[in-house]
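A.B. asks: Next input, structure requested:
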Amino acid sequence: MRRRARGWHADRATLALALAAGSITAAVTAVQFGRIWRRGSAPLPQEADDVLAAAEEAAVETVETAVVGYQEGSPRENAMFNLLASFATSFMLARGITSLLRARPTVGPFRDLTVGRRHIHHFVPGILLAFGAGAAAIVTDNEEIESRLAVPFGVGMGLTFDESALLLELDDVYWSPEGVLSVQITLSAISILGALALAMRFLRRGEQLVLDEEPPAAFSAPLGAARG
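C.D. replies: Here you go, the predicted model:
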């Protein structure tokens, strides 16, 4: 009964954290989209003849703003964003795909990997990815490559932390109450929030470059004058 109660409370905590992270992500995205729409060249909803077309124009402008902000960011900022985003994404995908594989043996290209009688857990390729990317980042002096290596490093971290309970307990407790460690969900939520914070910095920098100044030469289609 105690084990079942712990599992029930862990499931509720997991669901609450997932809903909180999703709600914050959606809220930040909506606020930034509305900010670009107000400041950019797309007509406002009350002024537009076609609201959907105006929303599409505002969405394109929002993406361009974020891309320019990212391109103009420092290599360290870009590497940290790549690390956090890839970590959170791989963590959630691994947890979701594993949940699907629990009900069926194959999900698209994904299936349980066994060598002889031994089941190969996904923390194994995760550790190899993280070690390989980390070692490559150490031996290179190219900062641009380092920001790219942050992606496989973050993926490796996500795959490894998803099974951290197994490593800590030295037992396959993935689906037991002990397997739903709060540190896993906390790290995932922190990664999402950290990535969002960096994304907002990219958007702010992109606003200055795209909306307050002349559009960069990288974009062939000029953006309209900002409303200010």
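
A.B. asks: Doesn't residue 114 belong to a strand?
C.D. replies: Yes. When classified by DSSP: H, G, I helix; E, B strand; the rest coil, residue 114 is found to be part of a strand.

A.B. asks: Look up the closest residue to it, ignoring the ones flanking it.
C.D. replies: residue 120 (6.7 Å; C-beta to C-beta, 6 or more residues apart in numbering). The C-beta positions use only the backbone N, C-alpha and C, and glycine is treated the same way.

A.B. asks: Which residue lies closest in space to the residue nearest to the spatial centre of the chain, excluding its sequence neighbours?
C.D. replies: For the chain, the residue nearest the mean C-alpha position is residue 85 (3.2 Å; C-alpha atoms, centre = their mean). Take residue 85 and drop its neighbours on the chain: the residue closest to it by C-beta to C-beta, 6+ apart is residue 195, 4.5 Å away.

A.B. asks: Repeat that for residue 110.
C.D. replies: residue 97 (5.3 Å).

A.B. asks: One more: residue 155?
C.D. replies: The nearest residue in space to residue 155 (C-beta to C-beta, 6+ apart) is residue 90, at 4.3 Å.

A.B. asks: what does residue 157 give?
C.D. replies: Using C-beta to C-beta, 6+ apart, the nearest residue to residue 157 is residue 87, at 4.8 Å.

A.B. asks: Now do that neighbour, the pLDDT please.
C.D. replies: What the model reports for residue 87 is a pLDDT of 85.

A.B. asks: and if you look at residue 10?
C.D. replies: 55.

A.B. asks: I'd say the residue nearest to residue 110 and residue 107 touch.
C.D. replies: Yes. Between residue 97 and residue 107 there is a contact at 6.1 Å, judged by C-beta atoms under 8 Å.

A.B. asks: measure residue 59 to residue 98 for me?
C.D. replies: 33 Å (C-beta to C-beta, to the nearest Å).

A.B. asks: any idea which element the residue nearest to the centre of the chain lies in?
C.D. replies: helix 75-103 (DSSP states H and E).
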